[in-house]
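J.: this is the structure alone, sequence omitted:
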């Protein structure tokens with residue numbers, strides 16, 4: 001994705017009632033990710049994980065945000081090793097030593113929550129452990145900058161600095177986004193700062209704005225390719241990638257994480 005507007009986008013500010021509904025959607029997403037984390041082990045198929053996710057989301061009175069969105073065929077996106085985003089679940093079995101990302105959304109009473117985690121399948125090597133840790137820490141650092149009165153660029157900048165200072169690269173072809181009654185709303189939220197590329201860098205954050213912040217960090221090059229299915233995005237050099245995401249709301253104080261899974 002890339003920016004093209006000459007000025008920062010207008011961004012919706014949610015009422016307390018809307019934020020309450022968004023919290024419910026976020027809780028369903030967090031609960032579902034925790035469930036999947038418990039089942040991620042060698043031998044399970046990505047389709048089995050998808051089935052578990054859809055069953056849990058629907059049992060909680062919500063619907064899968066991703067299924068059918070722009071033609072996407074599944075409830076979750078599975079990101080095994082070099083898959084950055086949008087891997088489609090199938091009969092592939094997870095294997096010891098891999099890292100795997102799970103990205104999912106739930107729509108509850110017309111409002112969306114969106115979150116992603118990357119976890120180890122059994123024991124993984126030091127590089128993969130560090131890649132996961134740095135990516136999650138970059139997310140939390142970005143969230144820490146998401147305060148009323150700050151410009152969005154400060155969120156983008158700290159994510160980039162955290163990832164690159166560790167020797168990794170941030171994906172530049174994919175960005176985070178606003179969220180609410182639509183899965184993807186304004187603003188666009190890059191994980192880097194490239195002057196002049198995104199007008200939304202100049203957005204001043206205000207209470208009630210809801211954002212999905214999602215660093216995608218690669219062990220090697222930042223470049224990515226899209227597979228023949230039109231969905232699966234992979235690292236161009238085949239090295240692993242990690243992805244973490246939270247839906248948050250800007251408040252008068254610290255940002256509120258709507259998809260908080262508890263201690264990480």
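T.: Ah, there it is. Just so you know, these numbers come straight off a predicted model, no measurement behind them.

J.: residues contacting residue 93?
T.: Neighbouring residues of residue 93 by CB atoms under 8 Å, 6 or more residues apart in numbering: 42, 43, 44, 45. (Each C-beta comes from the backbone N, C-alpha and C, glycine too.)

J.: brain fart, residue 91
T.: Residue 91 touches 45, 46, 47, counting by CB under 8 Å, 6+ apart.

J.: what of residue 256?
T.: Residue 256 touches 19, 248, 249, counting by CB under 8 Å, 6+ apart.

J.: which ones among the residues you listed map onto strands?
T.: Judged by DSSP state E, strands contain the following of these: 248, 249.

J.: in ChimeraX, select just the buried ones from the contacts of residue 256.
T.: Buried residues among the contacts of residue 256 (16 or more other CB atoms under 10 Å), as a ChimeraX selection:
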select :19,248,249
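
J.: for residue 95, state which of the contacts of residue 256 is nearest.
T.: For the contacts of residue 256, the closest approach to residue 95 (CB to CB) belongs to residue 248, at 33.4 Å.

J.: which residue, other than its chain neighbours, is closest to that closest one?
T.: Leaving out its chain neighbours, the residue that sits closest to residue 248 by CB to CB, 6 or more residues apart in numbering is residue 255, at 4.6 Å.

J.: returning to that earlier point: rebuild the contacts of residue 91 as JSON lines, extending it with neighbour count.
T.: As requested, these are arranged in JSON lines below (neighbours: other CB atoms under 10 Å):
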{"residue": "45", "neighbour count": "15"}
{"residue": "46", "neighbour count": "24"}
{"residue": "47", "neighbour count": "16"}
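
J.: and those residues, which is closest to residue 172?
T.: Of all those, residue 46 has the smallest distance to residue 172: 26.5 Å, by CB to CB.

J.: what separation do you get for the closest one and residue 80?
T.: Distance from residue 46 to residue 80, counting by CB to CB, to the nearest Å: 7 Å.

J.: one more: residue 43?
T.: 14 Å.

J.: any common contacting residues for the two?
T.: With contacts defined as CB under 8 Å, 6+ apart, the residues shared by residue 43 and residue 80 are residue 94.

J.: just to revisit the earlier point, for the residue nearest to residue 248, give me its contacts.
T.: 143, 144, 146, 147, 248, 249 are the contacts of residue 255 under CB under 8 Å, 6+ apart.

J.: if we can go back for a sec, residue 135: which of the contacts of residue 91 is nearest?
T.: Using CB to CB, the contacts of residue 91 come closest to residue 135 at residue 46, 20.3 Å.

J.: hmm, the closest one is touching residue 92, no?
T.: Yes: the pair residue 46 / residue 92 is scored as a contact, 5.2 Å apart, by CB atoms under 8 Å.

J.: for the residue nearest to residue 170 when sequence neighbours are not counted, give me its contacts.
T.: For residue 170, ignoring the flanking residues on the chain, the nearest one in space by CB to CB, 6+ apart is residue 191 at 4.4 Å. Residue 191 makes contacts with 138, 142, 156, 159-160, 163, 170-172, 175-176, 214-217, as judged by CB under 8 Å, 6+ apart.

J.: so of the residues you listed, which ones are in strands?
T.: 170, 176, 216, 217.
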